[in-house]
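>>> Got a predicted structure plus its sequence, pasted below:
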Amino acid sequence: MIGAAGAVLAAAVGLILYALNDQIVFFQSPTDVVEKGIGPGQRIRLGGLVEEGSVVRADDAHVTFSVTDTSNTVKVTYTGILPDLFREGQGVVTEGMVGPDGVFVADNVLAKHDENYVPKEVAEALKKQGVWKGDN
Amino acid sequence: MIVELGHFALVLALVLSLVQSVLPVTGALKGDNRLMAVAPPVSVMLFLLVGLSFAALTMAYVTSDFSVVNVWENSHSTKPLIYKISGVWGNHEGSVLLWVLILVFFGALVGAFGSNIPAPLRSATLSVQAWITAGFLLFILATSNPFARIAQAPIEGNDLNPILQDIGLAIHPPLLYVGYVGFSITFSFAVAALMLGRIDAAWARWVRPWTLLAWVFLTLGISMGSYWAYYELGWGGWWFWDPVENASLMPWLAGTALLHSALVMEKREALKVWTILLAIFTFSLSLLGTFLVRSGVLTSVHAFATDPARGIFILVLLCLFIGGSLTLYAWRAPMLKQGGLFAPISREGSLVLNNLFLTAATVAVFVGTLYPLALDIVTGEKISVGAPFFNLTFGPILVPLLMAIPFGPVLAWKRGDLLAASQRLYAAFGIALAACLFCFWLWGMKMVLAPLGVGLAVWVMVGAAAEILGRIRLRDVGLARGISRLTGLPGSVWGTAIAHFGVGVTLLGIVTASAFQVEQIRTMKPQDIVSLEGFDMTFEGAVPRKGPNYTEEVAHFTVRQGGVEIARLDPSKRVYTARQMPTTEAAILTLGVSQLYLSLGESRGDGAVDVRVYYKPLITLIWIGCVIMAFGGLVSIADRRLRVGAPKPARKSKAAAPAAQPAE
Amino acid sequence: MIFWILIAALTAAAALTVLVPFARANAGRSGASLTGAAADAAVYRQQLAEVDKDLERGVIDAEAARAARAEIARRLLSAADAETAEAGSPVLANWPRKLVFVVAAMLLPAGAFGIYTAIGEPDQPDQPLIARLSAPAETQSVQMLVARVERHLADNPNDGEGWAVLAPVYLRMGNAQSAAQAYFNTIRLLGPTAKRQADYGEALTMANNGIVSADANAAFEKSVELDPKMAKARFFLALALGQEGKTDAAVAAWNALLDGADPNEPWVPAAQRQLAELKGGPVAAPGAAGGQGEALPGPSAADVTAAQSMNADDRTAMIRGMVENLAGRLADGGGTVDEWLRLIRAYVVLDDKGKAEEALASARQNLADDAGALSQINAFASEAGL
């Protein structure tokens, strides 16, 4: 009985550790992507501000835009419905991988449900760059 | 005056809960009946006072009394009445008040209907409940007072976040809170039993209906919340592994484990130590969830650090209750005599297995939810733990549990016979295998997991039915007797079978909706047609419309199947006037248990609009299964045999026996 | 008062829920309620009955039933042991009755009142919106009155009178944009008059920072068309000519306007200044008419901007202005008893006793023929201590 319990728990812990190692997505700013040279195939969350004037919409909900932290900018493509609060000049977090051509292919775009919301990772990354003027 | 009366009632409730914290438990420990007699009426009075307070706040919302800061911040005079009422708990202050209201509600239930519970246990339990009540009332009055006033009342309020202006919000949080907070009473029972040093099979029987009640509501609350997110957020997903969702899932998993281990404790007086620990953990996870959601720590660790008053307060309460109860546990638990013995292959053994897997699943969710927070605090590194993590951990942990479900109820107590149990499940296994093979034949070998998932779901469902059929032994006794046996089965047996059947139904929904969802994203001009799974949807054009507190752009779609019009769908994009906030309203067409889901994206200048269409086969089974589970729980509560204790019900059951006699 | 009675009643009820059961329950262990062990034994007896029932129904076989019975019997025995042990143990001393009384009857009320008076606001009445909106007009703030009319107009957007009432108030409050819209609606619903057209043009001009736009110009022209003597419209038309750089035409217009004017009219000095400026100074460039603002009869463009960021004092001043308006109107043409009452009450509220007395006197004079109105006025005066 105890042995079986131990085996189950060990397996569960092993599974969790393996998943933590493998399935965690790191948050990166455009500067990280450019400077660390994050290569194709690594899944990341890219966050920053949507660059003004960069949003280009094509048919069937294909969209390209640039994510910037004001020092560096990464081009992003995405197919799908953008969140209601996705706007130029506002914070955004996208999840996906850098493609071979250096363009970030997002399969998920997040903007929270509040008009004043800046994703916390974005706010902190921007603060690091010294361009954030919010109060928290 | 009404507002201030509500404020005073809340203060009075705090002071009275302090009295309740001391007197009854002293009576229970010293053996003074008079002090113990105080507990039940005071528990009801506490409920009345907090209820009065809650009613006063609701009144302020309904009448748009903007001299109350909370109303001004979260309401608007043009809001429909239902959202004025639901707005009461659509904000921090109001939701904590609702939390406390449910806390005292459960106390009052035990006070009013728990007369069969031994007086010392009941008094001590109500005192422990009053400790929690006092802690949270203090929290409300010190940091989150919903009755704060403005001298110069503004003319208009700031409105409620439009996302929350939905019928789902009116129902979801109260259900969830009844579940969440309902586990407080189990916790209080456990702490009281530890203090009194009396923990036996009878204890489990006193506690079981309360645990079941909380569990039923939590099940409904979670599924309701999931459905709300599904249709309101417009993303078509039904579970996001969001920390807020996880915060409610963890107590559910632990509570489910608790239900099962309490069963062992009640029937066999085994697993006592473990059951008490689970009772403490379950409510601790509820408290943790409250802390995560209410302290703002999820939005930003740093926002928490800059305005820590609320967070620190809950954190202190959390440490006090969890730490205190665990200390008490460490001190008292070793004194408990271990009860009945059992072999690994037995009903008890299967329930231990159930607990193991459920606990492991809870740990997985716990780690996935808190690891990013911990990492951020310790190293400042930002990570996200999303669906892949949970799919990889939660899935494999739950699969063996699901496979084992049908075995549990057919195993005998103490020492079971796996072979005999398997024999009773041959038919169920055969049907599941057939379903699995049929799916392979239908869909080919492209998808391996989906047919296996369908097979597993069928196995769980048919296994639950087999349990009932096995009990009546239809083949041996003939149809007439079989039916009379069927109606004579105890409610708890029915409850178990129904709840397990519900698990299978939910699983089936999850498997088919995830594996066979079809979606299309198109930019459509008026009269464009998008086709999906045999449905042709024609975009008829978009028109503006004005709601009570929003304006919207409604797109009209006609759905045709084989050229015949079967429905019209009107998804829309809304802008709520007061906050100038846009939302997406998806349109959903339910076809049997499957759904067509239509949501709008950007509208283009020339009347064209981005449209996302999903076909989600059998998706409603996910929530229907949850409702079935909750129904099973209710059936189990309704089982008369759980309400024993005072001699009266015993006589009643004897009286019922002759009535069943002639039928046999 | 009722509030404090209710609070006292609540507190008393809370204290009684502690005291009454305490006083009525029997002291000591043996009482009506079951002790723990006895209740447990009842559960086990119930379990035994269940085993019998299960056996009867064939849910379990005879052997399993025998085992279960044996097990439950063991629990029953130990519960019975506990029961005897409890019965044998000495009854503890009663909990000091006085202490409970002190807690329930003194600490409880003292604590509740103490905390409440520290954090509550017992004097603050409820302010449901409906009641605030339907309260007597003279007790309401200007914003409240505006909100009330707005609410009415949201439901009845075709009530021209409503727009007519609201428009000048908007202008006074510095919301020229809304004022223009309100005048537009007034004209749309009630038809154009010279005054409405002139006011509409004025609002448009304010909203445009004091520059007469083409729309405003058209409104003024329409006004003059309806009534060639309409001084306000002619004033702005002259101003517009100056802004357009048509100096000669402007000078002619100003002269014509000032010619037949009563020198006591409030706009006359402003007009004279404009004229002097045109004659003496350089030609005023379009849009650079900086000095003209102060000359306008209503709040100037600068006032408009300022009003939006007014502090409390300024707002009082603006309200005073509105009261003054009302006073002027009543002095000129008389008014209903309600209007007079509103005026007097406004002075009382603004703490201007002299003006209030003055208004009271003129009201009496104006309404001398109406006995009912007089008695109303007198009743109010004595109530207000005038």
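Nice, I can see it.

>>> any idea which residue sits dead centre in chain C?
The centroid of chain C falls nearest to C:Met144 when counting by C-alpha atoms, centre = their mean (5.4 Å).

>>> wait, doesn't that one sit right on C:Leu129?
No - with contact defined as C-beta atoms under 8 Å, C:Met144 does not reach C:Leu129; the gap is 9.9 Å. Yep, even glycine has a C-beta here, placed from its N, CA and C like the rest.

>>> Please name the residues that touch the residue nearest to the centre of chain C.
C:Met144 makes contact with B:Ile155, C:Arg132, C:Leu133, according to C-beta atoms under 8 Å, 6 or more residues apart in numbering or on different chains.

>>> Now secondary structure and distance to C:Val212 too, for these, in a markdown table please.
Shown next, in a markdown table, are those (DSSP: H, G, I helix; E, B strand; the rest coil; distance: C-beta to C-beta, whole Å):
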| residue | secondary structure | distance to C:Val212 |
| --- | --- | --- |
| B:Ile155 | coil | 33 |
| C:Arg132 | helix | 40 |
| C:Leu133 | helix | 37 |
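
>>> Nearest to B:Gly541 among these?
B:Ile155 (38.5 Å; C-beta to C-beta).

>>> Number of residues surrounding that closest one?
19 (other C-beta atoms under 10 Å in any protein chain shown).

>>> Next, it: phi, psi?
phi -80, psi -30 (degrees, to the nearest 10).

>>> in what helix or strand does the residue minimising distance to the centre of chain A lie?
Among the residues of chain A, the one closest to the centroid is A:Arg45, at 2.3 Å (C-alpha atoms, centre = their mean). According to DSSP states H and E, A:Arg45 maps onto strand A:43-50.

>>> Now do the helix or strand that that strand is followed by: everything it contacts.
Using DSSP H and E, the next helix or strand after strand A:43-50 towards the C-terminus is strand A:56-57. Contacts to strand A:56-57, defined as C-beta under 8 Å, 6+ apart, come from residues A:Val63, A:Thr64, A:Phe65, B:Glu602, B:Arg604.

>>> Make TSV from those and add secondary structure and neighbour count to it.
Below are the contacts of strand A:56-57 laid out as TSV (DSSP: H, G, I helix; E, B strand; the rest coil; neighbours: other C-beta atoms under 10 Å in any protein chain shown):
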residue	secondary structure	neighbour count
A:Val63	strand	21
A:Thr64	strand	16
A:Phe65	strand	23
B:Glu602	strand	17
B:Arg604	coil	14
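
>>> Put together TSV for these, with distance to chain C on each row.
Formatted as TSV, these follow (distance: C-beta to the nearest C-beta, whole Å):
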residue	distance to chain C
A:Val63	36
A:Thr64	39
A:Phe65	35
B:Glu602	30
B:Arg604	31
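
>>> Let's test this: name the helix or strand in chain C with the lowest mean pLDDT.
Using mean pLDDT, DSSP states H and E, the weakest-scoring helix or strand in chain C turns out to be helix C:301-308, at a mean of 44.

>>> which non-adjacent residue is nearest B:Val454?
Spatial nearest neighbour of B:Val454, chain neighbours left out: B:Cys439 (4.9 Å); criterion: C-beta to C-beta, 6 or more residues apart in numbering or on different chains.

>>> how much space is there between that neighbour and B:Thr620?
20 Å (C-beta to C-beta, to the nearest Å).

>>> B:Phe321 too?
According to C-beta to C-beta, B:Phe321 and B:Thr620 sit 39 Å apart.

>>> which residues are in contact with the longest helix that chain A contains?
Scanning chain A for the helix with the most residues, using DSSP state H, yields helix A:2-22. Identification of contacts with helix A:2-22 by C-beta under 8 Å, 6+ apart yields B:344, B:352-353, B:356-357, B:360, B:363-364, B:367, B:371, B:385, B:388-389, B:392-393, B:396-397.
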